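K.L.:
I would like to see how this sequence folds:
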Amino acid sequence: MTAVTKWALGVAVLAVAALVAVLTLRGGDATSAPPASGDLTAARAAAKLQACPPAAAKEIGQLSGIEADCLGDGSRVDVGKVLGGGPVLVNVWASWCQPCRTELPVLQRYAAEPGAVRVVGVQVASPASDGLGLFERLGVHLPSLYDGDGQTGPVRTALKVPSSLPASYLVTADGRVRFIANPRLFDNTDQVRAAVKDYS
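P.N.:
Modelled structure (predicted):
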């Protein structure tokens, strides 16, 4: 190997190392969703979301240590503890998602029924202000977490959310997280009730 080749190889290794360092620093904390940005006071007041559930004594291992904003009040919460103490139906949605706009009111109606399990939303891949505006227009007041407006987020990563939304999960009483594959979209409360029973 010539001196020029050794020198070029050394420069290439340093360049790759620098690139990895920059990408790692830009990625931020993999267990903390970015906070919602901007003044959301008026949007939160208009949306009238329910508060996120209090932290449970039993934490969900798959979501342990992940932090996100409660969309309704902006408080920072531990996702694994908020979704603990199941069963909890978790619905991952985005403000631009047309099927989500159909499903969210169905989940609101289900949550109001006697015997319903807790329902908690997770807004992804869209600005918090858009999500709050959507909830206001739809008359949906479900508690929701905010996983950021980028293409990835720690909640999405932990749940292994598919690329097509919405996506629902049941956190069982014993702390297992089960993806609801059938049906992928809830059209009525009977489907929600049946899925909760089947995936429990």
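K.L.:
residue 145 bridge partners, please.
P.N.:
residue 70, residue 122 (DSSP bridges).
K.L.:
run a quick neighbour tally on it.
P.N.:
For residue 145, the count of nearby residues is 26 (other C-beta atoms under 10 Å). In this view, the C-beta of every residue, glycine as well, is placed from N, C-alpha and C.
K.L.:
how near is the nearest residue to residue 117 once chain neighbours are set aside to residue 113?
P.N.:
The shortest distance from residue 117 to any non-neighbouring residue, by C-beta to C-beta, 6 or more residues apart in numbering, is to residue 87 (4.4 Å). Separation of residue 87 from residue 113 (C-beta to C-beta, to the nearest Å) stands at 14 Å.
K.L.:
and those two? Which one has more around it.
P.N.:
Higher neighbour count among residue 87 and residue 113: residue 87, with 18 against 10, using other C-beta under 10 Å.
K.L.:
contacts only, for the more buried one.
P.N.:
117, 118, 170, 171, 172, 173, 196, 200 (C-beta atoms under 8 Å, 6 or more residues apart in numbering).
K.L.:
the second one against residue 89, yeah?
P.N.:
Spelled out, that is residue 118. Yes. Here residue 118 lies in contact with residue 89, judged by C-beta atoms under 8 Å, at a distance of 7.0 Å.
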